[in-house]
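In: requesting a structural model of the entry that follows:
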Amino acid sequence: MKNKILLLTIALCCIAITSKSQVRADSTETVTDIDGNVYKTVKIGTQVWTTSNLQTLRLNDGTPIPNVKDNTLWTGIKAPAFCTYENDEKITSDNRLMYIGNGALYNAYTINSNKLAPTGWHIPSYEEWITLMEFLGSNEEAYIKITQEKNGFFVTKAGIRAGGGKFMFGNTSCYWWSSTSMSNEYNIGFYLSEKIGNIISTLSHNDYGYSVRLLKNSESDNQAQKEIPKTESDINPETVKDIDGNVYTTVKLGTQTWMVENIKTTKYRNGDLIETSKKPTTDLTKVVNPKYQWAYDANEANVAIYGRLYTWFAATDSRNIAPVGWHVPSRWEWQLMKYYLQANSFQNDTSDWEGNNSFAKSISATTNWNSSTKKGSVGNTDFPEKRNATGFTALPGGYRLHFGNNKYGPGAFNNVGLQANWWTTSEQKLVHKTAYKTDTNVENAYQFYISNDGVTLVQDSPSKKSGLSVRCIKD
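Out: Residues are numbered from 1 along each chain as shown. I've put the predicted structure just below:
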């Protein structure tokens, strides 16, 4: 996997900005790094970002960051290092970087030192980048807004120093590191592409050279730095119980703690019943915001194995189907789990692009799946050491269609043994603009699923009225 960038397109939620004042490019606040470089800032939503790429030559404790120009040395170094795009630089007499392009390119070992940002600022995490993009809107909207000169934000671009030390992309793209490390070898970054016109999250090897933007600390950030870290037993309890008394075991994957079973509850957290349709096969096409749950095929015996199926409206109701301290995950939390699996060798095979994503077997139970002859698939017994290697134990509970008049019959239950499907809390917002009006379609929401003949975790967007499983994650 070394020297490969694993790019996964982020289709951003379309959350419209209602006021131009929400993006304030006229902020008078500045921040100064240890070398005396001064950066302007911009306020976007509740976040304050620097408007140009970092260019310090020292860590914030005064330690010099080596300027590594040789390609072989760059690839082999496992410690903080920087360079500039195509080594085009000028160092002033007071040891400050005056790069004609767009700041320094740092390897992820520099990021992971936690000594790069000035006091009161930090390198944004994966989640903080997602907060920025969700605020700005759809991928097209976000790209336009952050590249507009008047916003004073992502105007500058710089290429990267890739595996093997090769410089790539020039002034058509820019990659920024996040502070989120997935393993000793991989960090998450974000990629703005002028050619594609959107933003992409990227799992990259630590020896890549990316730019850095700074984010101002919030009060909670400052407080978190003062708190004593939680113990492992606090972070990963052995079991959790829902309001019906169902007990779930848990598994820790990276920084996330997941339930090992699908939710089975018939009640919201406050004790209210979650309704079910009078007929299990009721056509929900014309039903507004149905908040239902079902046992697969209306057979309660299936619940003990597969959990229940819920509409998106029930899964995301404010009364909560998750126990206290837990929640239904967003699409970004599922994406983070995917990055963890990729970065920590849970794939069957890494010889090609499909192989780099072949981790479905490692999160799937070894029973109840229909067999498959496809190499590396969930239903194939090959790669035995990878089968449910994570302990996530996904089972093929199938799903419930919401519509009638189809070949399966109205509201039919399908694909038990073939698919595991889970809701996310994230809506799919499709915006269609004409010269006369703008229409927004929010009828669908994102799910992730795996199939018996598949090798990876797939993102899709069915109707919110569909019945899918729910796997909860700890707050």
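
In: all contacts plus neighbour counts: C-alpha atoms, from now on.
Out: Fine.

In: run through the helices of this structure in chain order.
Out: For the chain, the helices defined by DSSP state H occupy 71-76, 108-111, 126-136, 139-147, 219-226, 232-235, 303-306, 312-315, 331-343, 353-356.

In: tell me which residues in the first one are buried?
Out: Along helix 71-76, the positions that meet the burial threshold by neighbour count (16 or more other C-alpha atoms under 10 Å) are 74, 75.

In: go on, stretch 161-176?
Out: 161, 162, 163, 164, 165, 167, 168, 171, 173, 174, 175, 176.

In: go through those residues and name the one nearest residue 381.
Out: Residue 381 lies nearest to residue 163 out of the buried residues of stretch 161-176, by C-alpha to C-alpha, at 34.5 Å.

In: surely the closest one is in contact with residue 75?
Out: Yes. Assessed by C-alpha atoms under 8 Å, residue 163 is found in contact with residue 75 at 6.4 Å.

In: run the chain-centre distance for stretch 70-83.
Out: Averaging C-alpha positions (C-alpha atoms, centre = their mean, to the nearest Å) puts stretch 70-83 28 Å from its chain's average.

In: report the rounded mean pLDDT for that stretch.
Out: For stretch 70-83, mean pLDDT is 92.

In: now do the same end-to-end measure for that stretch.
Out: End-to-end span of stretch 70-83 (C-alpha to C-alpha, to the nearest Å): 10 Å.

In: cool, and stretch 35-51?
Out: 17 Å.

In: again, but for stretch 191-207
Out: The first and last residues of stretch 191-207 sit 16 Å apart, counting by C-alpha to C-alpha.

In: swap in stretch 188-207?
Out: 12 Å.

In: now it: buried residues?
Out: 188-193, 197-207.

In: swap in stretch 320-334?
Out: So, applying 16+ other C-alpha under 10 Å, buried residues of stretch 320-334: 320-323, 326-334.

In: return the alpha-carbon coordinates of it using PDB.
Out: Only the C-alpha atoms of stretch 320-334 are listed here, as PDB (Å, rounded to 0.1, in the frame of the first residue of the first chain):
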ATOM      1  CA  ASN A 320     -33.400   8.500  20.000                       C
ATOM      2  CA  ILE A 321     -33.400   4.700  19.300                       C
ATOM      3  CA  ALA A 322     -29.800   4.500  20.700                       C
ATOM      4  CA  PRO A 323     -29.100   4.000  24.400                       C
ATOM      5  CA  VAL A 324     -27.800   6.900  26.400                       C
ATOM      6  CA  GLY A 325     -24.200   7.600  25.500                       C
ATOM      7  CA  TRP A 326     -24.600   6.100  22.000                       C
ATOM      8  CA  HIS A 327     -26.000   7.400  18.600                       C
ATOM      9  CA  VAL A 328     -26.700   6.400  15.100                       C
ATOM     10  CA  PRO A 329     -23.600   7.200  13.100                       C
ATOM     11  CA  SER A 330     -23.200   9.800  10.300                       C
ATOM     12  CA  ARG A 331     -21.800   8.900   6.900                       C
ATOM     13  CA  TRP A 332     -18.500  10.500   8.000                       C
ATOM     14  CA  GLU A 333     -18.200   8.200  11.000                       C
ATOM     15  CA  TRP A 334     -18.600   5.200   8.700                       C
END
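
In: which residues touch that stretch?
Out: Stretch 320-334 is contacted from outside by 127, 130, 240-243, 263, 265, 267-270, 314-316, 423-426, 446-448, 470-475, using C-alpha atoms under 8 Å, 6 or more residues apart in numbering.

In: hang on, residue 85 packs against residue 165?
Out: No. Applying C-alpha under 8 Å, one finds residue 85 not in contact with residue 165, separated by 10.7 Å.

In: need the residues touching each of residue 163 and residue 75.
Out: residue 207.

In: buried stuff in stretch 464-475?
Out: 464, 465, 466, 467, 468, 469, 470, 471, 472, 473, 474.

In: among the residues you listed, which two are most distant?
Out: 465 and 474 (25.3 Å).

In: now residue 453. Nearest residue, chain neighbours left out?
Out: residue 377 (5.0 Å; C-alpha to C-alpha, 6 or more residues apart in numbering).

In: that'll do, ta.
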